[in-house]
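**Q** sequence first, predicted model second:
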Amino acid sequence: MLQFTDRGIYCPQADIYIDPWMPVERAVITHGHSDHARRGNGHYLCHEDSVGILKLRLGMDISVKGMAYHQTTSINGVTISLHPAGHIIGSAQVRLEYKGEIWVVSGDYKLMSDGLSVPFEPVRCHHFITESTFGLPVYRFPPATSVYVSINDWWRQNASEGFNSVIIAYALGKSQSILHHLDQSIGDIFLHGAVANVNDIFNAEGHAFPGRRVTVDMKKKSVRKALIVAPSSALSTPWINRFSPSRKAVCSGWMQLRGARRRSGVDRGFVLSDHCDWNQLNEAVLATGAENIYVTHGYQSTYAKWLRERYQLNAVEIKTQFEPTTGDLE
Ligand SMILES: [Zn+2]
Ligand SMILES: [Zn+2]
């Protein structure tokens, strides 16, 4: 039912693409990250909590329709529904059914709760498309709850020594999960514009993420013992200097790798990811009951081989246009 084309994953029967790389007429979007939600498509279909983000990132004038989880829509005989992916707020797996055959495109997902996104839901299917960003046994993430405690401890310690604390994280997703778990009694929280823009969307929809937007006229002296959340692009700009003296930390699954923190040039690395580690990947794949697994994004050939040999699944690697690198903040 689905084909892997140079524009992305295609369903000819419904004439829709899922997370297409190049402009198409009708796109189903799993979530708002830029490697999944791209400009130039005729019509967008996504989870209702992703609509505001898509408009923010792709333009207020896009044609976009939101759906609730488990709601179904039918296009030319193909039944389409969205299911929680647990990756970020509004992230969805796409389930497609045609004449009894079921495919699930999981997009990005994780099983570990971030306290914000609706938890990942295993969907029974015959064909499952999974990413494998961290598809090696070396990746075993600590519980996110303990990482949030460590982040607050680090902030408290820095504040007691007169330092500001700068947290580098994805503006969409990880920033909100960190903000949600911060101990606001430690000090003030400031936000890079990219993070504040995302928060404005979510706060207008009923969330209450803390933090003030950093403005040009903000006095340097007014920022003391504070925690600042910014995307990685801010690391190499003078923007970050206004917070000195400061200590900096990166939050990413890659921080588990020896040397990754040092290479990123920060003081501290927190192992926090919106993707599955090794155990979560295996658990998720097996929970679908699917016999046919398509592995994309990351260690796809190694992970597909593992699924064939260990679980006798019909697993194949699918090349994608964009591959993650340890420079990303996944
Ligand atoms: Zn993502
Ligand atoms: Zn992704």
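**A** Yep, that arrived. Ligands and ions are numbered 1, 2, ... in the order given.

**Q** tally of neighbours for H297?
**A** 23 (other Cβ atoms under 10 Å). Bear in mind the C-beta positions are built from the backbone N, C-alpha and C, glycine included.

**Q** ok, it touching T133?
**A** Yes - under the criterion of Cβ atoms under 8 Å, H297 makes contact with T133 at 5.8 Å.

**Q** show me what counts as buried in the helix or strand bottoming out on mean pLDDT in the chain.
**A** Lowest on mean pLDDT, DSSP states H and E among the helices and strands of the chain sits helix 260-264, with a mean of 86. Within helix 260-264, the residues scored as buried using 16 or more other Cβ atoms under 10 Å are 260-261, 264.

**Q** now do the next helix or strand after that helix: distance to the chain's middle.
**A** As assigned by DSSP states H and E, the chain's next helix or strand after helix 260-264 is strand 268-270. Here strand 268-270 is found 18 Å from its chain centre; the criterion is Cα atoms, centre = their mean, to the nearest Å.

**Q** equivalent analysis for stretch 41-57, please.
**A** The answer for stretch 41-57 is 15 Å, by Cα atoms, centre = their mean.

**Q** the strands in the stretch 201-330 of the chain, which residues?
**A** Assigned by DSSP state E, counting those that start in this stretch, the stretch 201-330 of the chain shows strands spanning 212-213, 227-230, 246-251, 268-270, 292-298, 314-317.

**Q** which of those strands is buried the deepest?
**A** Comparing the strands of the stretch 201-330 of the chain by mean neighbour count (mean count of other Cβ atoms under 10 Å), strand 227-230 ranks first with a mean of 28.

**Q** in the stretch 101-250 of the chain, what residue comes closest to ligand 2?
**A** D108 (4.3 Å; Cβ to the ion).

**Q** residues in contact with that residue?
**A** Residues near D108 by Cβ atoms under 8 Å, 6 or more residues apart in numbering: 30-31, 33, 36, 85, 87-88, 91, 131, 133, 274-275.

**Q** filter those down to the ones close to ligand 1.
**A** Restricting these to those adjacent to ligand 1 (criterion: Cβ under 5 Å from the ion) gives H33.

**Q** in helices, which of the contacts of D108 fall?
**A** Using DSSP state H, no member of those falls within helices.

**Q** wait, which of the contacts of D108 is closest to ligand 1?
**A** Distances from ligand 1 to the contacts of D108, taken by Cβ to the ion, are shortest for H33, at 3.5 Å.

**Q** rewinding a little: got a markdown table for the buried residues of helix 260-264, with distance to I62 too?
**A** Output for these, formatted as a markdown table (distance: Cβ to Cβ, whole Å):
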| residue | distance to I62 |
| --- | --- |
| A260 | 36 |
| R261 | 38 |
| S264 | 34 |
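
**Q** need those residues in JSON lines with distance to ligand 2, can you?
**A** Putting the buried residues of helix 260-264 into JSON lines (distance: Cβ to the ion, whole Å) gives the following:
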{"residue": "A260", "distance to ligand 2": "19"}
{"residue": "R261", "distance to ligand 2": "22"}
{"residue": "S264", "distance to ligand 2": "19"}
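
**Q** closest one of those residues to N279?
**A** A260 (20.1 Å; Cβ to Cβ).

**Q** how about that closest one, nearest residue that isn't a chain neighbour?
**A** W254 (4.8 Å; Cβ to Cβ, 6 or more residues apart in numbering).

**Q** nothing else from me, thank you.
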